[in-house]
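A.B. asks: Predicted model, plus sequence, below.
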Amino acid sequence: MTENFDIVIIGGGPGGYVAAIRASQLKMKVALVERDHLGGICLNWGCIPTKALLRSAEVHHLLQHADQYGFTVKGVQFDLNKIVARSRAVAGQLSGGIKGLLKKNKVTVFDGVAKLAGKGKVTVSKDGKNSADIVAKHIIIATGARARSLPGLEADGKLVWSYREAMVPEVMPKSLLVVGSGAIGIEFASFYRNMGAEVTVVEVMERILPVEDEEISTLARKAFEKQGIKIHTATTVKALKKGKDNVTVTLEAAGKSSEITVDRVIMAVGIVANTEGLGLENTKVKLDRGHIITGSYMETDEPGVYAIGDVTGAPWLAHKASHEGVLCVEHIAGISGVHPLKKENIPGCTYCMPQIASVGLTEKKAKEAGYELKVGRFPFFGNGKAIALGEPEGLVKTVFDAKTGELLGAHMIGAEVTEMIQGYVVAKTMEGTELDLMHTIFPHPTLSEMMHESVLDAYGKAIHI
């Protein structure tokens, strides 16, 4: 039996389910097809459960340093099974919440795999059998992405882990090697190091966290190495030799080879868009390096077909996918005042210890773009709240156009910067200048005062440094 809808969304991750709810709010009849778990990778195996793990690691770290706060804590132990169970419970709770939201908004959810089957047509199959045929004027592809696998370095789920195995360890490895120093790799390195494992990070680029501002990247490396994490940059993994319960890894840097033996290896070398099996070959949808090419309002070259989120390329962030879902649906509905996404206003956050957050152009990128700059910096050790918290390590950095005062970028490392960055995101979205930020009154004592001081420093007006 064929079912008719105004819009069908393929994928129930942070892009797809948000788009479905917004479409329902706009009085559309909505279908959503999800083959696995509502909430997608982000909620079930990414953003949310990793933050639960990192919270446990943070508590463990505080207990190990309790004497600094006037406490005597002896014989601290942790139950890994309980830590993992809590993480999975958090993901399960939120996944159930999304199911409730979709039901509340009268979104029809189909369990299965979707495939484009002609203009305005989608077939759904479950266990290899056709389970539904859907007709809709608009189709949104929100199928996300999966972990990249390198030839000869594939995860086996036992000795070599992908992010999935890394989130549900049965035992805590005494040593591990993380391949890749992007947000995913660094977060796992931070978690396992703070839980007591010996951690080594290998990065093929010249520095860790290569998309971040170079100054922040340098400070991050110093902080991680101070914690005992070993870091190898400009280094490639040439081979993995698996033993009974360990892996010997061959590394190569500057033409020289070396070996390291660890209990486990975590592969975190990027992601690949999920475009296979969608029936795109029978459409005008175009791909670029595996990702779907879209226009300003997420439209593809196939009339009536749109794409949002990780399947469209970098930055691979849940909040980007959600925003794209809303603007795509509102554009379809003809809502006035819908603006295309400005990628330079998308914040990026890494929830390691110390945290890292940024928005806009790095200092280097701004210079390459031809801007004359004013750059401000303010260290955490100059902030009263940071010292009171026992978190004096970190930096807030701001980059301005010297001619117009436009905030071009902000880059931060330190405690709670993933919460603070939104202040700069709002300023950039509202096209604020240095004067707007200077005239803003920041509460005292707060970490956010460093945001103010960094702006002041860019113009030679900082007070507390």
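C.D. replies: All right, it came through fine.
A.B. asks: Look up the pLDDT of the nearest residue to residue 56 once chain neighbours are set aside for me, please.
C.D. replies: Leaving aside its chain neighbours, residue 56 sits nearest to residue 83 (4.6 Å; criterion: CB to CB, 6 or more residues apart in numbering). C-beta: built from backbone N, CA, C; applies to glycine. We have a pLDDT of 97 for residue 83.
A.B. asks: I'd assumed residue 83 was in a helix, is it?
C.D. replies: Yes: with DSSP: H, G, I helix; E, B strand; the rest coil as the criterion, residue 83 is part of a helix.
A.B. asks: Does it touch residue 54 like I think?
C.D. replies: No: checked against CB atoms under 8 Å, the pair residue 83 and residue 54 is beyond contact range at 10.6 Å.
A.B. asks: any shared contact partners between these two?
C.D. replies: Residues touching both residue 83 and residue 54 (CB atoms under 8 Å, 6 or more residues apart in numbering): none.
A.B. asks: Now for residue 107: which residues touch it?
C.D. replies: Residue 107 is in contact with 20, 21, 24, 30, 31, 32, counting by CB under 8 Å, 6+ apart.
A.B. asks: That should have said residue 210, apologies.
C.D. replies: Neighbouring residues of residue 210 by CB under 8 Å, 6+ apart: 181, 182, 203, 217.
A.B. asks: go again using 10 Å as the cut-off
C.D. replies: Residue 210 makes contacts with 181, 182, 203, 204, 217, 233, as judged by CB atoms under 10 Å, 6 or more residues apart in numbering.
A.B. asks: Just give me the closest of these to residue 157.
C.D. replies: Ranked by distance to residue 157 (CB to CB), those are led by residue 182 at 21.3 Å.
A.B. asks: got a winner among the contacts of residue 210 for most neighbours?
C.D. replies: For the contacts of residue 210, the largest neighbour count, defined by other CB atoms under 10 Å, is 28 neighbours, found at residue 181.
A.B. asks: Pull the contacting residues for that residue.
C.D. replies: Neighbouring residues of residue 181 by CB under 10 Å, 6+ apart: 189, 201-205, 207-210, 217, 220-221, 224, 231-233, 268-269, 350.
A.B. asks: among the contacts of residue 107, which are in strands?
C.D. replies: Residues of those located in strands (DSSP state E): 30, 31, 32.
A.B. asks: can you list these in CSV and add neighbour count, pLDDT and distance to residue 144?
C.D. replies: As requested, those are exported to CSV (neighbours: other CB atoms under 10 Å; pLDDT from 0 to 100; distance: CB to CB, whole Å):
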residue, neighbour count, pLDDT, distance to residue 144
30, 28, 98, 19
31, 27, 97, 18
32, 27, 98, 14
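A.B. asks: Retrieve the pLDDT associated with residue 128.
C.D. replies: At residue 128, pLDDT is 86.
A.B. asks: ugh, wrong one, residue 366
C.D. replies: Residue 366 is assigned a pLDDT of 98 by the prediction.
A.B. asks: all helices for the stretch 301-450 of the chain, in order.
C.D. replies: Secondary structure of the stretch 301-450 of the chain by DSSP state H, counting those that start in this stretch: the helices cover 318-332, 363-368, 384-389, 417-429, 434-438, 449-458.
A.B. asks: okay, those helices in JSON lines with distance to residue 164 and mean neighbour count next?
C.D. replies: Output for these, formatted as JSON lines (distance: least, CB to CB, whole Å; neighbours: other CB atoms under 10 Å):
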{"stretch": "helix 318-332", "distance to residue 164": "17", "mean neighbour count": "23"}
{"stretch": "helix 363-368", "distance to residue 164": "33", "mean neighbour count": "15"}
{"stretch": "helix 384-389", "distance to residue 164": "34", "mean neighbour count": "15"}
{"stretch": "helix 417-429", "distance to residue 164": "23", "mean neighbour count": "19"}
{"stretch": "helix 434-438", "distance to residue 164": "42", "mean neighbour count": "17"}
{"stretch": "helix 449-458", "distance to residue 164": "36", "mean neighbour count": "25"}
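A.B. asks: can you list those in TSV and add distance to residue 145?
C.D. replies: Below are the helices of the stretch 301-450 of the chain laid out as TSV (distance: least, CB to CB, whole Å):
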stretch	distance to residue 145
helix 318-332	10
helix 363-368	24
helix 384-389	36
helix 417-429	22
helix 434-438	35
helix 449-458	32
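A.B. asks: My guess is residue 323 contacts residue 338. True?
C.D. replies: No: at 11.3 Å, residue 323 does not count as touching residue 338 under the criterion of CB atoms under 10 Å.
A.B. asks: Much appreciated, bye for now.
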